[in-house]
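**Student:** sequence and predicted structure, then a few things I'm wondering about:
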Amino acid sequence: MTQLRRHLRQTLTIARRDFVATVFTPIFLLFLFAPLIMASFGAVGGMGAASASDSSAARTRLVVLLPAAAARRVLDADARWRPLLAGDSRQPRVEARAPAPAPDAGDAARQAAATLAEGAHGHDSVDVAAVLYGTLERPAVLYAAGDRGGARYLAGLARDAALVERAGAAAPDATLTAVRTDAPSQGVRKATGFFAVFGIFFLTLFLSGQVAGTMAEERNNKVIEVLAAAVPLESVFLGKLVGMFGVAVLFVTFWGVVISQLGALLPGDAGDALRTLAPAVGGGWFALLFGGYFTMAYLLLGSVFLGVGAQAATMREIQMLSLPITIVQVAMFALSSAAVSHPGSWVATLAELFPLSSPFAMAGRAASDSALWPHAAALAWQALWVAIFITVGARLFRRGVLQSGSPTPAWKRLFARR
Amino acid sequence: MAENGIAVSAEALVKRYGERRVVDGVDLAVPEGAIYGVLGPNGAGKTTTLRMLLGIIEPDTGSRRLLGSARPRDVGDRVGYLPEERGLYPSMTAREAIAFMGALRGLEWRTGRARAAELLEAAGLGHAIDGKIRKLSKGMAQLVQLLGAVVHRPDLLVLDEPFSGLDPVNQERLEALIRAEQARGATILFSTHVMQHAQRLCDRLAIIARGQCRFEGTVDAARALLPQQVHYVPHRADPAIAALLPADARGDGEGWRFPLPPEGIEPVLTRLIAAGHGIAGLSIERPGLHEAFVRVVGEEEARA
C-alpha cells in the first residue's frame, strides 16, 4: 500500500469515528434543529410584535371629513396610490365621514378636532391619526402630534384629487414599456457578491468553530497516544477536520432540502431576491464555486481553530477561544465585504490573497468577474494553506503536548521532516 | 521483515527535555520472536524510549530500526501498542473500540469486528461485546485496549507497563495472552517495574536507570550478576561464628547470610564443623531478578 493511500485510509478512519461519534448522539438532534428552535423563538416573538402592531394599525384610520363628492375623489386618489405603498410607507385605512353642516371654517376645524379626539379617547374602538377637512381648494389636516406621516398622506391625496378634478378627462396616463437589459447592473452584481460572502460567512460562523474542541476529547480520554502511535498527527488533524466537515455538510444538506421543499419557510422576499441574483460566471458555475469556497472556508478556518484548540488543555480554555474565533470570522467577513464593494481595489486583492479571507472574497469575485481561471488558482492556493495550517498545527501539538521538544530551535523543528 | 533476526534495535538514543537528558544513549536489540522486557524504576526513561522506538516522538540523536525500517511509521500496520496511559472512547462499544484500533492499523472494519468478538469471547468478556466502554471496569477496559493492540495480528507488540492496574486474575490472563502472541510468532517488547512478571516472561531484558541502559541480556545473565547466596543456620547462636564466616556475612536473626565464596562453600563448612558449631540448616539460593535489578540500578533508585 502506498504511503498516500495509507494516510488517506487512516484519515478516513479518524473522520468516520468523529462523524459517527458526533452524528449518532441525541445532542446532534439538538444541534441539527437548533435553527428551528432559534426560528421558533424568533417567530413567536415576531408574531407577538406583529400582532400588536397589526392590531394597532388595523384600528387606526385617516378620516376624510369633506362633502361627499370631494370625499369620493380623495378615496379615488387613495385607491390609485395605495398599491404603491409598501413597508414603512404603508398608511392606515382612509375613511370618509360626512361632515355636519358648518357655517364657517371655525366650525369645520372644531368638528375635525372632535373627530380626532374621539379616536384619542378610544371611542368607537378606532384610533384616528389625522383628519382632512375644509375643501379640496383649501384643504386642511389636523393630526395627532408625532404621527405626521398620515397627515402628509392625506394632504397628498387632497392635492392629487384637486389636480384630477381640474384636469378632468384630460388627466394623462403614462404608457408603460418594459425593456430587457442584457447585463445585470453593477448593483445586482454587488448584491450577488455580497450574498455569496454572507452565505459562506453565515455557514462557517456556526459550523467551523466546533472543531476547536475536538482534540480535547482525545486528550481527556487519553486516546491521543493510541492515535499518535498508529497514525501521523497530520492525518489525525485532517481526519478530525474531514469528520466535522461531514457533520457540517449533513447539516447544510438537511436544511437546504427542508428549505427548498418548503418555500414557505423562506422569509418574505427571499425567494424573489434569490431569483434576482446574477453572477458574472453564470448560475451553474456560481453554485459550484459557492460549494467549493464554502468547503475551503470551512477547512481553512477549521484547521486554524483545530490547531489552536489542540493547544488548550481544558474545556474552559476552549470555551475562552470562542470569542477570538468569532472575531476572526467577523473580520474575514468585513474584509471580504469591502472587497465586494470595491472590486479590483487593493482591498479586494488583499482579501483574495489572504488565506483566511480568500474563499469569501473569491466567492464575491465570482459575482462580478466572469473569468474562471482565478478560481482554479485560488482553490489551489487555499488548499495549500489548509495543508500548511494542518502541518503546523500537528507539529505544534507534537511538540507542546506530546513533549517531543528538543534544543533545536523551534522554527527549525517546525519545518523539519518527520 | 526484521534484519538479521533483530525486530527492534536502538543505537545511542538520546532525548532531552530542556537541559535534562531523559534518555541518554540507550542501546537495545530485541530478537525476533522474543519477549523482551525494559525494566527500570519510575522516571528511568522507559516510556520515552518506547515512544521513540515507535516514532511517536523523535530522538534528538541516535537511530532506531523497527521491523527492518528506519522509519517506524512505515511499518505501523505491523505494530500493536498499548500505551502506559490507557485511553478508549467511552461512547464506543468494546467491539467497535477494538475494530477501530484495528482499522487504524489497516484492518478492514468487518474483519476487525469479527475478530473483536472472537477475542472478547476468548478473554472471558463475551458478555461485554456490545457494552459501552464507559460501563466496563477499569481492568476490563484495559483488557479491551490490549485486545485492540493485537486484533490486527501484529508482528511486534509493544506494551508499556501492561500489568499496572490489573488484578491478579487479569494479570494471569495478560501473561497468557503475551505467551500466545509469542507462540503466534510475534515479538513482544514491554516495559515494567514489576520484576516477577519480567522474570517469568522475558527471554531478554534491558535495565534502564537515569536514561541509561545499565544492563542488556538474558534473565539468567542478569541474575548471574550477583553471586549465589548462602543461608547458614547453626545449632545455637554464638557471636564467635562470625569470625569463621566470610567478612560480608550478615546475621538475619535466624542464622547468617553471605555470598557464595569463589572457592565454594566447603572451606567454610569445614571451619564451622571443626569449631564445633554444627549445621542446623544450609541452603544456597540463586538471587532473583529483583536483587539483580537493585544491584544494577542501586538501592536508592530502585526504591524510586
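**Tutor:** Thanks, I have it. Numbers count the residues shown, from 1 in each chain, chains lettered A, B, ... in the order given.
**Student:** tell me, how many residues neighbour B:Arg134?
**Tutor:** Close neighbours of B:Arg134, defined as other C-beta atoms under 10 Å in any protein chain shown, add up to 11. Yep, even glycine has a C-beta here, placed from its N, CA and C like the rest.
**Student:** how about A:Leu12?
**Tutor:** Counted with other C-beta under 10 Å, A:Leu12 comes out at 17.
**Student:** can you check the one 5 residues further on too?
**Tutor:** Using other C-beta under 10 Å as the criterion, A:Arg17 is surrounded by 21 other residues.
**Student:** just A:Leu142 next, same as before
**Tutor:** With other C-beta under 10 Å as criterion, A:Leu142 counts 22.
**Student:** confirm it sits in a strand?
**Tutor:** Yes: residue state for A:Leu142 (DSSP: H, G, I helix; E, B strand; the rest coil) corresponds to a strand.
**Student:** ok, it touching A:Ala114?
**Tutor:** No: contact criterion C-beta atoms under 8 Å: A:Leu142 and A:Ala114 do not qualify, at 10.0 Å.
**Student:** what about the residue in the stretch 51-200 of chain B that chain A sits nearest to, how many neighbours?
**Tutor:** Here the stretch 51-200 of chain B gets closest to chain A at one residue, B:Gly87, 3.1 Å apart by C-beta to the nearest C-beta. Using other C-beta under 10 Å, B:Gly87 has 18 neighbouring residues.
**Student:** that one in helix, strand or coil?
**Tutor:** coil.
**Student:** OK, contacts around the residue lying closest to it once chain neighbours are set aside?
**Tutor:** Spatial nearest neighbour of B:Gly87, excluding adjacent residues (C-beta to C-beta, 6 or more residues apart in numbering or on different chains): A:Lys222 at 3.1 Å. Residues near A:Lys222 by C-beta atoms under 8 Å, 6 or more residues apart in numbering or on different chains: B:83, B:85-87.
**Student:** where in chain A is pLDDT low?
**Tutor:** Low-confidence segments of chain A (pLDDT under 70): A:1, A:46, A:48-57, A:102-103, A:105, A:119-125, A:169-170, A:180-185, A:263-276, A:401-418.
**Student:** who's in contact with the residue nearest to the spatial centre of it?
**Tutor:** Against the mean C-alpha coordinate of chain A, by C-alpha atoms, centre = their mean, the closest residue is A:Phe198 at 6.1 Å. Applying C-beta under 8 Å, 6+ apart, one finds that A:Phe198 lies in contact with A:333, A:337.
**Student:** can you give me how far whatever helix or strand it lives in is from the chain middle?
**Tutor:** Using DSSP states H and E, A:Phe198 maps to helix A:186-207. In terms of C-alpha atoms, centre = their mean, to the nearest Å, the centre of helix A:186-207 is set 8 Å apart from its chain centre.
**Student:** elements contacting the helix or strand following it?
**Tutor:** Toward the C-terminus, helix A:186-207 is succeeded by helix A:214-221 as the next helix or strand (DSSP H and E). Judged by 3 or more C-beta pairs under 8 Å, 6 or more residues apart in numbering or on different chains; DSSP states H and E, helix A:214-221 is in contact with helix A:224-230, helix A:233-261, helix A:283-310.
**Student:** got the contact list for helix A:214-221?
**Tutor:** Contacts of helix A:214-221 (C-beta under 8 Å, 6+ apart): A:18, A:223-224, A:227, A:236-237, A:240, A:243-244, A:306, A:309-310, A:312-315, A:318, A:397, A:401, B:87-90.
**Student:** just give me how far it sits from the chain centre.
**Tutor:** Centroid separation between helix A:214-221 and its chain, computed with C-alpha atoms, centre = their mean, is 34 Å.
**Student:** just the angle between it and helix A:233-261, please?
**Tutor:** 120 degrees (axes from the mean of the first three to the mean of the last three C-alpha atoms, to 10 degrees).
**Student:** next, the angle from helix A:214-221 to helix A:283-310.
**Tutor:** Using the same axes, to 10 degrees: helix A:214-221 against helix A:283-310 is 30 degrees.
**Student:** mind listing what's buried in helix A:214-221?
**Tutor:** A:214-219, A:221 (16 or more other C-beta atoms under 10 Å in any protein chain shown).
**Student:** just those residues now: which is nearest B:Arg73?
**Tutor:** The closest of the buried residues of helix A:214-221 to B:Arg73 turns out to be A:Glu218 (C-beta to C-beta; 18.3 Å).
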